[in-house]
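> What would the 3D arrangement of this be:
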Amino acid sequence: MRYHQSGNIPQKRHTIFKSPEDKFYYEQLFGTEGFHGISSLLYHIHRPTQIKSIGEAKDVTPKIAVAKNVTPRMFKGMNVMPEDDFLDSRKFLMVNNDLKMGLSKPRKSTDYFYKNAECDELLFVHNGSGILKTFVGNLEFSVGDYLIIPRGTIYQVELNSEDTVFFVLESHSPIYTPKRYRNEFGQLLEHSPFCERDIVAPTFVEPKDEKGEFLIKVKKENQITDFIYATHPFDVVGWDGYFYPYKFNIKNFEPITGRIHQPPPVHQNFEGHNFVVCSFCARMYDYHPMAIPAPYNHSNIDSDEVLFYTEGDFMSRNHIDLMDFTLHPGGIVHGPHPGAMERSIGKKFTEEYAVMVDPFRPLKITEEALKVEDPSYKTSWLEEEDKTLEDRSQE
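Next up, the predicted model:
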């Protein structure tokens with residue numbers, strides 16, 4: 001991340017800062033990993049600590065259906081059911097101790113405030129548009145935007161329609177851009193597939209000086225608890241630092257190409273502890289005269305591989321619909337579907353867009369995932385004659 005400043009702040013941190021009416025503003029350090037990680041300093045009209053009441057906790061632990069998975073799977077995101085509520089709509093399909101991921105189809109904007117007090121969040125906008133409203137400003141979002149929301153951010157979501165779809169990832173570690181694309185000062189390097197100009201910080205919004213009862217739903221340890229605060233959480237008059245929500249559009253990712261097929265790490269966009277997130281984007285195919293653009297068969301011995309298909313026609317897969325997830329578990333060889341390799345030869349360009357997540361620890365499959373699974377996927381690499389025999393053997 002890069003340094004950003006919005007609104008009014010004092011010249012020196014941790015010093016007296018007052019309003020034109022000679023009232024104190026209240027400083028808050030907003031950051032993670034103790035006092036070691038990146039952080040920002042926020043200045044509030046009111047003390048941000050004024051709890052009026054705390055309600056009962058609601059358990060939202062994903063229910064595990066398959067704890068140890070070695071089966072290739074496909075989940076039909078089109079069949080995930082929408083919900084009116086933003087939080088109820090989160091259907092986690094795959095989880096491990098590092099992350100949770102799935103799909104969210106909220107119909108309604110939030111009339112409460114929300115804070116994930118344990119996980120950074122990545123929301124990828126598959127469909128719809130709206131405004132992410134936070135205590136450090138607003139981010140307008142639309143199709144193709146990644147919204148990176150650091151843990152502890154208090155926010156609301158205003159939707160422009162009832163057909164919004166988010167790919168959702170919650171990470172127990174901070175989500176950063178890849179370290180190999182940054183120099184020792186944190187600046188993105190010249191060979192990075194994106195730069196600071198592509199990263200959009202929140203637009204400052206005038207603070208809310210309001211007292212009353214303000215509901216903030218706080219999520220921690222798979223529980224959501226209702227906190228009632230005495231002042232509006234969006235009362236920040238100014239802030240500065242490196243820790244804030246931002247957006248990045250997948251179409252601003254500049255693919256790295258070569259004469260022969262490039263491996264998935266060239267598509268990396270983000271990383272957390274024990275996982276990476278990649279953006280597969282429209283790009284030129286390999287330009288060696290004998291190149292095979294389709295990916296080669298590979299084993300992924302040390303990681304699972306999840307792909308979420310968001311736009312275009314993914315050339316290495318047959319019978320893929322938008323919003324589908326595919327999961328290829330570590331240690332099990334996978335590769336192009338029958339005919340995909342042959343079809344790719346001679347092709348010059350692809351218009352595909354997909355989000356890939358590679359967790360370095362095995363994923364568990366939830367009950368929500370089994371509701372939308374296509375059980376035929378695991379045998380979809382069989383040649384046609386073998387497939388016919390397989391179908392007959394199951395009759």
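
> which residues does the spatially most central residue of the chain form a beta bridge with?
By C-alpha atoms, centre = their mean, the mean C-alpha position of the chain lies nearest to L122, the distance being 2.3 Å. Per DSSP bridges, residues listed as beta-bridge partners of L122: I148, L169.

> Wait, it touches R151, no?
No - L122 is beyond contact range of R151, at 11.8 Å (criterion: C-beta atoms under 8 Å). For glycine as for every other residue, the C-beta is placed from the backbone atoms N, C-alpha and C.

> Where does R180 sit: helix, strand or coil?
helix (DSSP: H, G, I helix; E, B strand; the rest coil).

> if I look at it, how far off is L188?
11 Å (C-beta to C-beta, to the nearest Å).

> If you count surrounding residues, which of those two has more?
A count of neighbours by other C-beta atoms under 10 Å puts L188 above the other of R180 and L188, at 19 against 11.

> ok, the more buried one to K211 distance?
For L188, the distance to K211 - C-beta to C-beta - is 43 Å.

> same check, this time on T310
For T310, the distance to K211 (C-beta to C-beta) stands at 43 Å.

> Of the two, which one has the most company?
The neighbour count for T310 versus K211, taken as other C-beta under 10 Å, is higher for T310 (25 against 12).

> Contacts only, for the more buried one.
Taking C-beta atoms under 8 Å, 6 or more residues apart in numbering as the criterion, T310 is in contact with 124, 126, 144, 167, 250, 322-323, 353-355.

> likewise S89?
If a contact means C-beta under 8 Å, 6+ apart, then S89 has 82-83, 104-107 as its contacts.

> Which of these has the largest number of neighbours?
P106 (24 neighbours).

> any idea whether M341 is helix, strand or coil?
helix.

> What is the neighbour count of it?
For M341, the neighbour count with other C-beta under 10 Å is 18.

> Report how many residues lie close to the closest residue to it other than its chain neighbours.
Among residues not flanking M341 along the chain, A294 sits closest, at 4.4 Å (C-beta to C-beta, 6 or more residues apart in numbering). Neighbour count of A294, defined by other C-beta under 10 Å: 22.

> A294 sits in which helix or strand?
According to DSSP states H and E, A294 maps onto no helix or strand at all.

> Cross the contacts of T310 against strands and list the overlap.
Members of the contacts of T310 lying in strands (criterion: DSSP state E): 124, 126, 167, 353-355.

> For S303, which residues are in contact?
Counting by C-beta under 8 Å, 6+ apart, S303 touches 330, 358-360.

> Relative to L42, which of those is nearest.
Nearest to L42 among those: P359, at 32.4 Å, using C-beta to C-beta.

> thought the closest one was touching N274?
Yes - contact criterion C-beta under 8 Å: P359 and N274 qualify, at 6.4 Å.

> more neighbours, those two?
Neighbours around P359 and N274, counted as other C-beta under 10 Å, are more numerous at P359. The numbers are 22 against 17.

> next one: phi and psi at that one?
phi -80, psi 140 (degrees, to the nearest 10).

> Name whatever forms a beta bridge with it.
Applying DSSP bridges, one finds that P359 bridges with F275.

> Check Y114 too.
Assessed by DSSP bridges, Y114 has beta-bridge partners Y155, K217.

> residues touching it, list them.
Y114 neighbours (C-beta under 8 Å, 6+ apart): 86-87, 154-156, 216-219.

> Go through those residues and name the one nearest E368.
L87 (14.3 Å).

> hmm, back to that, ok, the residue nearest to M341 to E311 distance?
Note on A294: its distance to E311, by C-beta to C-beta, is 19 Å.

> In this structure Y353 contacts N249, no?
No - counting by C-beta under 8 Å, Y353 does not reach N249; the two are 10.7 Å apart.

> and for those two, which residues touch both?
In contact with both Y353 and N249: G144, using C-beta under 8 Å, 6+ apart.

> In terms of neighbours, single out the busier of these two.
Y353 (22 against 18).

> Now for L122: which residues touch it?
Contacts of L122 (C-beta under 8 Å, 6+ apart): 146-149, 167-171, 175, 270, 277.

> Ok, T164 next?
105-107, 125, 127-130.

> and what of G130?
Neighbouring residues of G130 by C-beta under 8 Å, 6+ apart: 109, 140-141, 157-160, 164.

> again, but for K91
80-81, 102-104, 368.

> Now the buried members of the contacts of S303.
Those of the contacts of S303 that meet the buried threshold are 330, 358-359, by 16 or more other C-beta atoms under 10 Å.

> Can you tell me which of those residues is nearest P264?
Of all the buried ones among the contacts of S303, P264 sits closest to D358, with 7.3 Å by C-beta to C-beta.
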